[in-house]
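Colleague: Here you go, sequence then predicted model.
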Amino acid sequence: MLSGLKMIIELLTTIKNQLGKLIDLFTELVDIKRQQRVPLQERHIWTKGELLDKMNMSEPTYNRNLKKELLIPMRLGGSDMYFEEDILKAIEESRRKGKI
């Protein structure tokens, strides 16, 4: 009985150590990702009009995409605006779902 308990303690200790290593890796990944961020001044922002024009999207399609939460605008001064990378994510999501 005592040796079984000792084995369980050793196993739990090993798991704890491995989880600690995983946490360290995740922390490192978060730091790397943080360093890769593009400064706000360098990010391209699209207006709703640019989005409709460049994506050849109608107003009803735009409204449908808002309802489906495929497009999530930043509302600044009553205008919908989007970071370019968010638009690319929405396109990828549509492609993944077979919509385009």
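Modeller: Received, thanks.
Colleague: how close does the residue nearest the centre of the chain sit to Arg43?
Modeller: In the chain, the residue lying closest to the centroid (C-alpha atoms, centre = their mean) is Lys89, at 8.3 Å. According to C-beta to C-beta, to the nearest Å, Lys89 stands 14 Å off from Arg43. For glycine as for every other residue, the C-beta is placed from the backbone atoms N, C-alpha and C.
Colleague: go on, Leu11?
Modeller: Relative to Arg43, and taking C-beta to C-beta, Leu11 is found at 48 Å.
Colleague: Give me the helices and strands touching the strand ranked longest in the chain, please.
Modeller: The residue-count maximum for a strand in the chain (DSSP state E) belongs to strand 79-83. Applying 3 or more C-beta pairs under 8 Å, 6 or more residues apart in numbering; DSSP states H and E, one finds that strand 79-83 makes contact with strand 45-47, helix 48-54, strand 74-76.
Colleague: Show the average pLDDT along that strand.
Modeller: The pLDDT scores in strand 79-83 average 91.
Colleague: Past it, which element shows up next along the chain?
Modeller: helix 84-96 (DSSP states H and E).
Colleague: helices or strands up against that following helix?
Modeller: strand 45-47.
Colleague: 10 Å - rerun?
Modeller: In terms of contacts (3 or more C-beta pairs under 10 Å, 6 or more residues apart in numbering; DSSP states H and E), helix 84-96 is packed against strand 45-47, helix 48-54, strand 79-83.
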